[in-house]
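> I would like to see how this sequence folds:
(one chain, ligands or ions: 2)
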Amino acid sequence: MTQIFAVTNQKGGVGKTTTCINLAASLVATKRKVLLVDMDPQGHATLGSGVDKKSLQHSLYDVLLAEVAASAAVLKTDPAGYDLLPANVDLAGAEIALIDQPQRERRLSQALASLEAQYDFILIDCPPSLNLLTLNALTAARGVLVPVQCEFYALEGLASLMETLERVALSVNPGLQITGILRTMYDPRNSLTKDVSAQLIAHFDQRVLGTVIPRNIRLAEAPSYGVPVLSYDPKSKGSLAYLALAGELLRKSAAAAPAVN
Ligand code: ADP
Ligand code: MG
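Residues are numbered from 1 along each chain as shown. Ligands and ions are numbered 1, 2, ... in the order given. Model prediction:
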């Protein structure tokens with residue numbers, strides 16, 4: 001069955017988009033077929049995949065409003081090798097446009113149903129808020145990946161995120177699972193990083209993924225070339241970490257992940 005992951009955290013700048021692009025590319029490197037869905041009106045996943053967000057023929061906005069079939073909006077990325085459902089600032093209007101539509105939280109789920117069979121993995125890059133776009137992602141997903149930067153305020157937003165996940169699991173998506181909390185921009189020389197990491201493990205136990213993504217300048221540089229780090233600097237620490245994450249998720253996909261409730 002296709003693994004569908006929402007990569008979410010309502011905090012911005014924690015590594016959601018970086019994780020989506022580089023995990024997608026790493027899964028492709030293991031010969032998996034991958035679709036990346038850009039669910040953020042900022043279009044960073046689109047840009048970082050080497051696609052010009054200003055000249056899209058169709059975008060996720062058109063798909064969510066059922067103006068075009070999802071397959072018509074999907075693009076191939078090169079050299080990364082995953083498929084992309086791109087987005088741009090138009091997507092910011094989706095919440096208003098869908099406001100009086102029935103089942104407006106199921107639009108993405110319905111759109112992906114026709115595509116799902118073509119892919120082993122679908123990754124959904126969420127915006128930094130708990131809005132209708134994120135709700136669509138959580139309704140379409142089977143698992144949730146939560147990138148967390150190990151800094152002082154990291155734990156603050158997690159409680160409300162977990163409440164949201166529970167609400168979604170109790171209402172629209174009973175199968176939803178927390179696949180894992182991913183520690184990003186990890187700096188082992190920083191004692192605060194280690195403290196917050198220990199707190200995450202104390203709170204969330206085996207839901208914290210074993211793979212840690214280090215702070216690595218190559219990961220920050222690659223998007224300006226429109227490629228994943230695996231294409232830009234395959235031997236970098238960032239590349240190796242995201243390959244390890246792909247490996248961990250592939251192993252985990254065989255075993256059952258802990259349920260949201
Ligand atoms: P989000 O999608 O959660 O807003 P991003 O993935 O865009 O976060 O990351 C925020 C910023 O941090 C970006 O400039 C990105 O290049 C940088 N970044 C992300 N992960 C790392 C990392 N592991 N090491 C160094 N820089 C990173
Ligand atoms: Mg982002």
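> alpha carbons of stretch 231-249, in PDB - could you do that?
The C-alpha trace of stretch 231-249 is given here as PDB (Å, rounded to 0.1, in the frame of the first residue of the first chain):
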ATOM      1  CA  SER A 231      22.400  15.900  -6.500                       C
ATOM      2  CA  TYR A 232      24.300  18.800  -5.100                       C
ATOM      3  CA  ASP A 233      26.700  17.100  -2.700                       C
ATOM      4  CA  PRO A 234      26.000  13.400  -2.400                       C
ATOM      5  CA  LYS A 235      28.700  12.800   0.200                       C
ATOM      6  CA  SER A 236      27.600  15.600   2.500                       C
ATOM      7  CA  LYS A 237      26.400  14.900   6.000                       C
ATOM      8  CA  GLY A 238      23.000  16.200   5.000                       C
ATOM      9  CA  SER A 239      22.800  13.600   2.100                       C
ATOM     10  CA  LEU A 240      23.800  10.800   4.300                       C
ATOM     11  CA  ALA A 241      21.300  11.700   7.000                       C
ATOM     12  CA  TYR A 242      18.400  11.900   4.600                       C
ATOM     13  CA  LEU A 243      19.400   8.500   3.100                       C
ATOM     14  CA  ALA A 244      19.400   7.100   6.600                       C
ATOM     15  CA  LEU A 245      16.000   8.600   7.200                       C
ATOM     16  CA  ALA A 246      14.700   6.900   4.000                       C
ATOM     17  CA  GLY A 247      16.100   3.600   5.300                       C
ATOM     18  CA  GLU A 248      14.500   4.000   8.700                       C
ATOM     19  CA  LEU A 249      11.100   4.700   7.200                       C
END
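> where does pLDDT dip in this protein?
Flagging of the chain using pLDDT under 70 yields the residue ranges 256-261.
> hmm, stretch 180-193 touching ligand 1?
Yes - interface with ligand 1: stretch 180-193 contributes 184-185 (C-beta under 6 Å from any ligand atom). No exception for glycine: its C-beta is placed from N, CA and C like everyone else's.
> not counting sequence-adjacent ones, nearest residue to T8?
Counting by C-beta to C-beta, 6 or more residues apart in numbering, T8 lies nearest to C126, which is 4.0 Å off, once chain neighbours are set aside.
> ok, Q101 next?
Per C-beta to C-beta, 6+ apart, closest to Q101 is R107, 7.7 Å.
> would you confirm that L132 contacts Q103?
No - using C-beta atoms under 8 Å as the test, L132 is too far from Q103 to be in contact (11.7 Å).
> the two: which is more packed in?
L132 (18 against 11; other C-beta atoms under 10 Å).
> any idea how far A94 is from that one?
Counting by C-beta to C-beta, to the nearest Å, the gap from L132 to A94 is 7 Å.
> same question for A69.
17 Å.
> equivalent analysis for T17, please.
18 Å.
> again with H58
Counting by C-beta to C-beta - H58 and A94 are separated by 14 Å.
> quick check: residues of the stretch 1-150 of the chain near ligand 1?
12-18, 44, 128.
> list only buried entries from those.
14-18, 44, 128 (16 or more other C-beta atoms under 10 Å).
> of the residues of the stretch 1-150 of the chain next to ligand 1, which belong to helices?
16-18, 44 (DSSP state H).
> next, count neighbours for the nearest residue to R32 once chain neighbours are set aside.
Leaving aside its sequence neighbours, R32 sits nearest to D120 (C-beta to C-beta, 6+ apart; 4.1 Å). The tally of other residues near D120 (other C-beta under 10 Å) stands at 17.
> could you do Q118 as well?
Q118 - counted by other C-beta under 10 Å - has 13 other residues nearby.
> how about it: what's its closest non-neighbour residue?
Q118 sits nearest to K33 (C-beta to C-beta, 6+ apart), 6.4 Å away.
> residues of the chain that sit close to ligand 2?
Within the chain, the residues that sit near ligand 2 (C-beta under 5 Å from the ion) are 16-17, 44.
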